[in-house]
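Q: Kindly return the folded structure for what I paste below:
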Amino acid sequence: MLLIHGNILTMEDTNYPDGYIQIEGSVIQAIGPMSEVPAGETVVDLEGGTVLPGFIDAHCHLGMWEDALGFEGDDGNESTDPTTPQLRAIDALNPMDRTFEEAWRGGITTVLTGPGSANPIGGQWAAVKTKGRRIDDMVIHPAVGMKFALGENPKSVYNEKNVTPMTRMATAALIRDQLRKAKRYLDDKERADEEEDFDEPEYDAKCEALLPVLKGKQKAFFHAHRADDIFTAIRIAKEFKLDLVLVHCTEGHLIKDILAA
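A: Down below sits the predicted model:
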C-alpha cells in the first residue's frame, strides 16, 4: 500500500511536506518525496494530512485507575503499606478499559504506566503498547523502573491514617531502610554464590524487586514537586548509586543551575 501526498514528520533529520509512505503488511518499508514515489501499489491519498510517528507518554497512570468505575477499578495505590516495591503494574492493567482505546485513537501508541505516589516506594512501572486485549501481548518491558515518591503525597495519605510516614523525614528514612535491606540481601546472595558454606538468604519479595534498581538495570523514578524534595531524591540516588529520573520536578525551574551542574 502507498500513502501519498502526506505532510510527513519523521522526527529525524528530513521531513517530507509532500511525501509518500510505502507499507508492506504492518511494516513501513520506505518514506520519501512524491517525486520518488514507486508505481503499481494500492494508493490512499492523504490530501495533505499530517503523518507522525506514534506518540509516547513517558509518565502516566493509564489503566491503573479504570474509567467509570469506583473502588472496583481503582488499582493505582496500595496504601496499606508504605513500601511496596514488589508490586507490578502489569498485574493491575486492564486493556479492555476504554481509556486504552482513547489513547491509541489519539495517536498514543506506547506508554510508561504504573503505581501512583501514595507510597514512598510504590512498585514497578511498565512500558506497554496501547492496542490489544491482553496485557501480556502488549508489554514492551514489564519493569522499566521503580516508583519512589517524596513530599506531600505520601505525607497526606499516611497522615490520614496517623501512621508513618507523616513527615518528609520519615518518608526518606523508609526509602533508605528498604534500600539498605535490599543491598544487604544482594551482598548475601552474591556471597552465597562465591562461598559454599554461606547460605543464601531467605527469599524476600521486596528486596528481590529492588535488586535491578540497585544494579542500575532499572530506573529510579522519583516523584518530587518541591525543590527540597528534588534535592532529597538526588541525595538518596547518589547514596545508593541509583539511575535517577526526576518525575514532575515542578520547582526544577527554581534550581535549574544546580540541576544542570
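
Q: what secondary structure does the residue nearest to residue 244 when sequence neighbours are not counted sit in?
A: Nearest residue to residue 244 in three dimensions, chain neighbours excluded: residue 237, at 3.8 Å (Cβ to Cβ, 6 or more residues apart in numbering). All C-beta spots, glycine's among them, are computed from the backbone N, C-alpha and C. Using DSSP: H, G, I helix; E, B strand; the rest coil, the three-state assignment for residue 237 comes out as helix.

Q: Tell me who's in contact with residue 237.
A: 220, 222, 243-244 (Cβ atoms under 8 Å, 6 or more residues apart in numbering).

Q: now swap in residue 242 and tell me
A: Counting by Cβ under 8 Å, 6+ apart, residue 242 makes contact with 213-214, 216, 220, 236.

Q: In helices, which of those residues appear?
A: 213-214, 236 (DSSP state H).

Q: Extract the C-alpha trace of whatever helix or strand residue 230 lives in and format it as CSV.
A: Assigned by DSSP states H and E, residue 230 belongs to helix 227-240. Only the C-alpha atoms of helix 227-240 are listed here, as CSV (Å, rounded to 0.1, in the frame of the first residue of the first chain):
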residue,chain,number,x,y,z
ALA,A,227,12.9,21.9,45.4
ASP,A,228,13.8,20.4,48.7
ASP,A,229,12.2,17.1,47.7
ILE,A,230,14.1,17.2,44.5
PHE,A,231,17.4,17.5,46.4
THR,A,232,16.3,14.6,48.7
ALA,A,233,15.8,12.4,45.6
ILE,A,234,19.3,13.4,44.3
ARG,A,235,20.8,12.7,47.8
ILE,A,236,19.3,9.2,48.0
ALA,A,237,20.2,8.4,44.4
LYS,A,238,23.8,9.4,45.0
GLU,A,239,23.9,7.4,48.2
PHE,A,240,22.8,4.2,46.6
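
Q: and whatever helix or strand comes next after it, which strands flank it?
A: Counting by DSSP H and E, the element after helix 227-240 in chain order, helix or strand, is strand 244-248. Here strand 244-248 is paired, per DSSP bridges, with strand 219-224 (parallel).

Q: orientation of the partner strand relative to helix 227-240 in degrees?
A: Angle of strand 219-224 versus helix 227-240, following axes from the mean of the first three to the mean of the last three Cα atoms, to 10 degrees, is 160 degrees.

Q: outside of strand 219-224, which residues touch it?
A: For strand 219-224, contacts defined as Cβ under 8 Å, 6+ apart pick out 59, 117, 125, 144-151, 153, 213, 230, 232-233, 236-237, 242-250.
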